[in-house]
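1. Sequence and predicted structure below; questions after.
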Amino acid sequence: MAKQAITLTEKINGISSEAVQAKTGKTWPEWVAVLDKAGGQKMTHQQIVAYLRAEHGLGDWWQQMVTGGYEKAAKGRVKGEMPNGFQVGANKTIAASAAALFKHWRTPAARARWLAEDALTITTATPSKSIRAKWGKGGRVNVHFWPKGETKTLVSVEHSQLKNAREAAKQKKFWAAALNVLKELVENA
């Protein structure tokens, strides 16, 4: 992919050059130059992260942010693209407890009432907290339940390892619609 010119005023992944400089000591254009000089164009995501940790002492979060920003700016990585495919997410706050919503995900019969295309194979589940699953048509699905008081819960779905941007866009719409159906089912019961 062609390298794009990065300006000091440009935001990458929603983070301004000023914010990056305040936390890391370098602007986006400076990070691009540093990583290019270090051979970043030929490095994997993990190699860039390791380089930033070893040579620049960045903390875990900033290692990932600078690496992602560099990959977007210098390698042409697009929104949602990760080292192992594309990733999308959807969130919905629902008027129900985390325990009740967990049951709607964990129990196949309950899930069939709202998830039209049930391709989940649950691999790990922590009651009222999270579910990790394989998606039959490809990728992995992680679901987190975040209580918002006693009567509401934020349900967060992350679908990763999708093969391309088209599939990612399709799954983003799918999960948004599925969470809307779940919300209607639960809140109108």
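-> Now that the structure is in, tell me what you want to look at.
2. Pretty sure residue 91 sits in a strand.
-> Yes - counting by DSSP: H, G, I helix; E, B strand; the rest coil, residue 91 falls inside a strand.
3. For it, give me its contacts.
-> Neighbour list for residue 91: 154-157, 179 [criterion: CB atoms under 8 Å, 6 or more residues apart in numbering]. In this view, the C-beta of every residue, glycine as well, is placed from N, C-alpha and C.
4. and these, which are buried?
-> Among those, the ones that count as buried by 16 or more other CB atoms under 10 Å are 155-157, 179.
5. Which residue ranges of the protein form strands?
-> 11-12, 15-16, 81-82, 85-94, 120-126, 130-135, 140-147, 153-162 (DSSP state E).
6. and those as JSON lines, adding distance to residue 23 and mean pLDDT?
-> As requested, the strands of the chain are exported to JSON lines (distance: least, CB to CB, whole Å; pLDDT from 0 to 100):
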{"stretch": "strand 11-12", "distance to residue 23": "14", "mean pLDDT": "78"}
{"stretch": "strand 15-16", "distance to residue 23": "9", "mean pLDDT": "86"}
{"stretch": "strand 81-82", "distance to residue 23": "22", "mean pLDDT": "63"}
{"stretch": "strand 85-94", "distance to residue 23": "24", "mean pLDDT": "90"}
{"stretch": "strand 120-126", "distance to residue 23": "32", "mean pLDDT": "94"}
{"stretch": "strand 130-135", "distance to residue 23": "29", "mean pLDDT": "94"}
{"stretch": "strand 140-147", "distance to residue 23": "26", "mean pLDDT": "95"}
{"stretch": "strand 153-162", "distance to residue 23": "25", "mean pLDDT": "93"}
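7. And these: which comes nearest residue 40?
-> For residue 40, the closest of the strands of the chain is strand 11-12, at 14.4 Å, according to CB to CB.
8. in its sheet, what does that closest one sit against?
-> In the sheet, strand 11-12 lines up against strand 15-16 (antiparallel) (DSSP bridges).
9. So which other helices or strands are in contact with the longest helix belonging to the chain?
-> Longest among the helix segments of the chain by residue count, using DSSP state H, is helix 165-187. Judged by 3 or more CB pairs under 8 Å, 6 or more residues apart in numbering; DSSP states H and E, helix 165-187 is in contact with strand 85-94, helix 98-106, strand 153-162.
10. Of these, which stretch is the most buried?
-> Comparing these by mean neighbour count (mean count of other CB atoms under 10 Å), strand 153-162 ranks first with a mean of 20.
11. Quick one: list the elements packing against it.
-> Applying 3+ CB pairs under 8 Å, 6+ apart, we find strand 153-162 packed against strand 85-94, helix 98-106, strand 140-147, helix 165-187.
12. ok, back up a step: so which pair among the buried ones among the contacts of residue 91 is furthest apart in space?
-> Farthest pair in the buried ones among the contacts of residue 91 (CB to CB) is 156 and 179. Separation: 9.5 Å.
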